[in-house]
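Enquirer: Kindly generate the corresponding structure for this input.
(one chain, ligands or ions: 2)
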Amino acid sequence: MIPSLAEKIRSFDPTLPLEQARTIPSSWYRDVDIGEAERCTVFSRIWLAAGRADLVRQPGSFLTAEIAGAPMAVVRDETGTLRAFHNVCRHRAAPVLTEPCGRATRLRCRYHGWTYDLTGRLRGTPEFEGVANFSREDNGLAPLAVEEWGPFVWVSLDPPPCPLAEYLGPLPGRFAALDLGRLRWAGSRSFEVRCNWKVFVDNYLDGGYHVNSVHPGLAGILEYSEYRTEVAGFTSSQISPLRPAEPGGPSETVAQARGGDRAYYLWIFPNVMFNFYAGYLDTNVVLPLGPDRCRVDYEFYFEQTEGPEAQARIAHGIAVSDQIQMEDSVICEEVQRGLGSRAYETGRYSVRREGAVYAFHQLLARHLRETS
Ligand code: FES
Ligand SMILES: [Fe+2]
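Expert: Residues are numbered from 1 along each chain as shown. Ligands and ions are numbered 1, 2, ... in the order given. The predicted structure follows:
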């Protein structure tokens, strides 16, 4: 018998204490109906990072994104108000904005030329006279909740569970303490990984458990015995003291790019990560592309961005990130293949290391249960 969606969702018990809990089942990483349920819950009723806030600072600037199959646009209107819409024309569902970012004075759908102003109101409908029971007022772009915090603008497709400041829990305080506002954007990267998006998130949240075996270079600068994880609401923070690399060892090049006293790996449910070291931040947004594929969008921020020395440091910093990303991608793709084996249905959590993975699975379950 093939289990129903409700049976699959109920098969994970999010109420058990960590030491008794079992992970979400392998079907959650493979099945199309789980992915659909996630679209309607996990990726709808919460705050999602839609794009870089610095792209929409000026009146008339916009960015577009597609998150779990939902095309969206964020626009700064002429009065300076930030707005977000479904990037879907009300006529035949073509996108009204097709560039990743830019400037506009109005939003013109390229399919049949309907135009909207920057507040989303429908202004122009060529050759549409005589259509009964049609009013422009009722056919503006469908709005989304939008707020700004840190390096991102955040949107919610359905009414969010709480204001963004509450959703982010302790992270704004941490950002302020780390003085992250002084960092400047310096580059982007995107990687496709052949695994379910949750495999990539699980890997990120495992409390450093995989670092020694998967990341030999990074392992040499982390004080693993003092690596700790704090879970709070929709967020978790992994914090590790740093130690000097052994001269001539595999960590030396990593140490040149990752300095300071501590590494901070901060996560926001469901798919946003911040990796912070002194003078350096990269953000990762993990986007589902299908049951066994995801894309990870990286943005890099550095304290110094001007001049040849800074540029060399940026290039090296991004190269180190690429290496770590590649190491993570390889293991995540192997895990995805293992999740397809009939020999594996669920696993257990390390109580010492994997509390944040369980917290992620509990949040997932809480959202998915809204559908069943
Ligand atoms: S789909 Fe936009 S004008 Fe027709
Ligand atoms: Fe990793």
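Enquirer: per-domain residue ranges of this structure.
Expert: Following the assignment in automatic domain parsing, the chain carries domains at 48-159, 170-367.
Enquirer: Check the separation of the first and last residues in the last one.
Expert: Across its full length, domain 170-367 reaches 22 Å between end residues, using Cα to Cα, to the nearest Å.
Enquirer: tell me the mean pLDDT for it?
Expert: Mean pLDDT, domain 170-367: 95.
Enquirer: Could you shift the numbering so residue one becomes 18, and keep it that way?
Expert: With the count now opening at 18, the last piece we talked about shows up as domain 187-384.
Enquirer: ok now that domain, how far from the chain's centre?
Expert: 12 Å (Cα atoms, centre = their mean, to the nearest Å).
Enquirer: and if you look at the first one?
Expert: Averaging C-alpha coordinates over domain 65-176 and over its chain gives two centres that are 21 Å apart (Cα atoms, centre = their mean).
Enquirer: List the buried residues in stretch 51-61.
Expert: For stretch 51-61, the neighbour count (16 or more other Cβ atoms under 10 Å) marks I51, G52, A54, E55, R56, C57, T58, V59, F60, S61 as buried. Yep, even glycine has a C-beta here, placed from its N, CA and C like the rest.
Enquirer: Check stretch 334-352 too.
Expert: 334-335, 337-338, 340-342, 344-346, 348-350, 352.
Enquirer: Show me those that map onto helices.
Expert: In helices, defined here by DSSP state H, the members of the buried residues of stretch 334-352 are 334-335, 337-338, 340-342, 344-346, 348-350, 352.
Enquirer: Out of those, which is nearest to A249?
Expert: Checking those against A249 with Cβ to Cβ, the nearest one is D345 at 24.1 Å.
Enquirer: so the closest one makes contact with N220?
Expert: Yes - judged on Cβ atoms under 8 Å, D345 makes contact with N220 at a distance of 5.8 Å.
Enquirer: Next up, the contacts around P189.
Expert: W166, G167, A182 (Cβ atoms under 8 Å, 6 or more residues apart in numbering).
Enquirer: Test my guess that the first one contacts L181.
Expert: Yes - counting by Cβ under 8 Å, W166 touches L181, with 5.7 Å between them.
Enquirer: give me the subset of the buried residues of stretch 334-352 touching ligand 1.
Expert: Restricting these to those within reach of ligand 1 (Cβ under 6 Å from any ligand atom) leaves nothing.
Enquirer: Throw the residues you listed into a markdown table and include distance to L283, thanks.
Expert: As requested, the buried residues of stretch 334-352 are exported to a markdown table (distance: Cβ to Cβ, whole Å):
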| residue | distance to L283 |
| --- | --- |
| G334 | 18 |
| I335 | 20 |
| V337 | 19 |
| S338 | 16 |
| Q340 | 21 |
| I341 | 16 |
| Q342 | 17 |
| E344 | 20 |
| D345 | 17 |
| S346 | 21 |
| I348 | 21 |
| C349 | 20 |
| E350 | 25 |
| V352 | 23 |
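Enquirer: picking up where we left off before, out of the domains of the chain, the one nearest A23 is which?
Expert: Between these, domain 187-384 lies closest to A23; by Cβ to Cβ that is 12.4 Å.
Enquirer: quick one: the helices in the stretch 268-389 of the chain?
Expert: 269-274, 324-356, 372-385 (DSSP state H, counting those that start in this stretch).
Enquirer: again with the stretch 18-167 of the chain
Expert: Under DSSP H, counting those that start in this stretch, the stretch 18-167 of the chain gives helices at 22-27, 49-57.
Enquirer: closest one to ligand 1 among the ones you listed?
Expert: helix 49-57 (22.6 Å; Cβ to the nearest ligand atom).
Enquirer: and that closest one, average pLDDT?
Expert: The model assigns helix 49-57 a mean pLDDT of 96.
Enquirer: between that helix and helix 372-385, how many degrees?
Expert: Between helix 49-57 and helix 372-385, the angle comes out at 90 degrees (axes from the mean of the first three to the mean of the last three Cα atoms, to 10 degrees).
Enquirer: what's the span of stretch 303-314 from first residue to last?
Expert: Start-to-end, stretch 303-314 (Cα to Cα) is 7 Å.
Enquirer: List the buried residues of it.
Expert: V303, L304, P305, L306, P308, D309, C311, R312, V313, D314.
Enquirer: for stretch 134-154, same thing?
Expert: So, applying 16+ other Cβ under 10 Å, buried residues of stretch 134-154: D134, L135, T136, G137, L139, T142.
Enquirer: Contacts only, for the last one.
Expert: Contact criterion Cβ under 8 Å, 6+ apart gives H108, W131, R153, N156 as the residues in contact with T142.
Enquirer: how close does it sit to S152?
Expert: Relative to S152, T142 is positioned 10 Å away (Cβ to Cβ, to the nearest Å).
Enquirer: With the third one instead?
Expert: Summarising the geometry, the distance separating T136 from S152, computed by Cβ to Cβ, is 16 Å.
Enquirer: How about the first one?
Expert: Relative to S152, D134 is positioned 16 Å away (criterion: Cβ to Cβ).
Enquirer: rewinding a little: can you tell me which of the buried residues of stretch 51-61 is closest to A376?
Expert: Nearest member of the buried residues of stretch 51-61 to A376, counting by Cβ to Cβ, is V59, at 14.2 Å.
Enquirer: residue contacts, that closest one?
Expert: A85, P287, L381, H384, L385.
Enquirer: what's it sitting at in phi/psi?
Expert: phi -60, psi -40 (degrees, to the nearest 10).
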